[in-house]
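Enquirer: What would the 3D arrangement of this be:
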Amino acid sequence: MAISTFSYWEQTAFINNADVIIIGSGIVGLNAALRLKTMQPYLKVMVLERGFLPSGASTKNAGFACFGTVSEQLSYLEQTSEEEIVKLVSYKWHGLKHMRENLGDANIDYQQHGGYELFLTGDEVRANESIEKIDYLNKLLKKEIGVTDIYAVADAKIAAFGFKGVNRMIYNTCEGQIHTGKMMRALLTKVQSLGVLVLNSCEVERIEQQEHIIEIVTAQGNFKCNKVIVATNAFAQQLFPQLEVIPGRGQVLVTKPIAGLKLKGTYHFNEGYYYFRNIDDRVLFGGGRELDLKAEQTWDFGHTETVKQQLTQYLKDVILPDQDFEIDYWWSGIMGFGEDIKPIIKQVEPNVFCAVRCNGMGVAMGSLVGEEVAELALRS
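Expert: Just a heads-up that it's a prediction; the model follows:
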């Protein structure tokens, strides 16, 4: 639809009616909108979303309220300093707390059953290295988390969960899980109650700097505003190729309900490349990117037989051995990664700002990332 076909009412109430336009209605984008309206209630804020629902991972993630396994923290330590690790854990931990305070535990179906890191048979070296560092990490992170024993060996629970081929297990008492769909609905409802206009199925083609104004060209028409926030995470390079954000597809399944399911909590193994949890007496299981990292660095949703076969095999051999199960759902989400473990929050052009690259931790850090970019836009 060309812009000239919009009525006077549409032009004045929808099209040319924003101080700030946010591109992307995921966790980061909606939290940016929420922060803008909280700080300046009379600001006219609009959100443009390419999909019918938020594209990317915000409504497609596994709903893990987590801040990192032991092996993940040790991997980060190989890349950066203790100080940076503590900052990142603190950022994710406080981001999770902030999300819960903003939306309420009941509205996001928050449950804190803890998180587990599994080490399969044959992974004894990494298991031993991780277990040896538990005391060190507990002391390092105690001040930020406020808990003395965050991580602990939990080998005694392996049999109770019914796993096979699991050699060692580490428990994180502070981790929880949410219902991703309920979280996004609660966030959307709160943002809209403040007067934020969210327009779906409106893909942005480009951003043009005009004299004293910014024009956003979309498939539905052109929008004008004073400032723009890009919150498209994995898709950031489609608008700004210079941004160092690599897409990473995560393939996920959910089983049909399983009678007497023993799982309760969130679980990771193989350096976090595989993750599963309980949800409504079902098992949600995702991962497998490491089988072909290059192929999974894509903006295309979908599945590969290689990953589907591996996930199904792990379900049969490790997670639900000797149990009958049927797979009910398959889907995929696109996350944004980079060599730097910190998100990108900065100005990319005059009055154009970005908040992208959550490195697969959007649930944990998305609230704070959105707030930071909103405050940056207001300051500039």
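
Enquirer: Hmm, Leu34 and Lys190 touching each other?
Expert: Yes. Contact status for Lys190 versus Leu34: in contact at 6.5 Å, counting by Cβ atoms under 8 Å. C-betas here are computed from N, CA, C, even on glycine.

Enquirer: Overlap in contacts, these two.
Expert: Listed as contacting both Lys190 and Leu34 by Cβ atoms under 8 Å, 6 or more residues apart in numbering are Asn102.

Enquirer: quick one: low-confidence parts of the chain?
Expert: Applying pLDDT under 70 to the chain picks out residues 1-4.

Enquirer: mind giving me the domain ranges of it?
Expert: For the chain, the structural domains run 3-59+181-244+341-379, 69-176, 246-337, going by automatic domain parsing.

Enquirer: Mean neighbour count added to those domains, as JSON lines?
Expert: Shown next, in JSON lines, are the domains of the chain (neighbours: other Cβ atoms under 10 Å):
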{"stretch": "domain 3-59+181-244+341-379", "mean neighbour count": "20"}
{"stretch": "domain 69-176", "mean neighbour count": "17"}
{"stretch": "domain 246-337", "mean neighbour count": "17"}
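
Enquirer: Who are the contact partners of Glu305?
Expert: If a contact means Cβ under 8 Å, 6+ apart, then Glu305 has no contacts.

Enquirer: Would you list the phi and psi of it?
Expert: phi -60, psi -30 (degrees, to the nearest 10).

Enquirer: so Leu320 makes contact with Ile258?
Expert: Yes. Using Cβ under 8 Å, Leu320 makes contact with Ile258 at a distance of 7.2 Å.

Enquirer: Common neighbours of these two, please.
Expert: Common contacts of Leu320 and Ile258 (Cβ under 8 Å, 6+ apart): Val283.

Enquirer: Mind checking what secondary structure the closest residue to Gly265 other than its chain neighbours has?
Expert: Distance criterion Cβ to Cβ, 6 or more residues apart in numbering; nearest residue to Gly265, sequence neighbours excluded, is His113 at 3.9 Å. For His113, the assignment made with DSSP: H, G, I helix; E, B strand; the rest coil gives coil.

Enquirer: So what does His113 look like in phi/psi?
Expert: Torsion angles, degrees, to the nearest 10, at His113: phi -100, psi 0.

Enquirer: do the same with Val204
Expert: Dihedral pair for Val204: phi -80, psi 130, per degrees, to the nearest 10.

Enquirer: Show me what it is bridged to.
Expert: Thr218 (DSSP bridges).

Enquirer: my read: it touches Glu215, true?
Expert: No. Using Cβ under 8 Å, Val204 is not in contact with Glu215; the gap is 11.0 Å.
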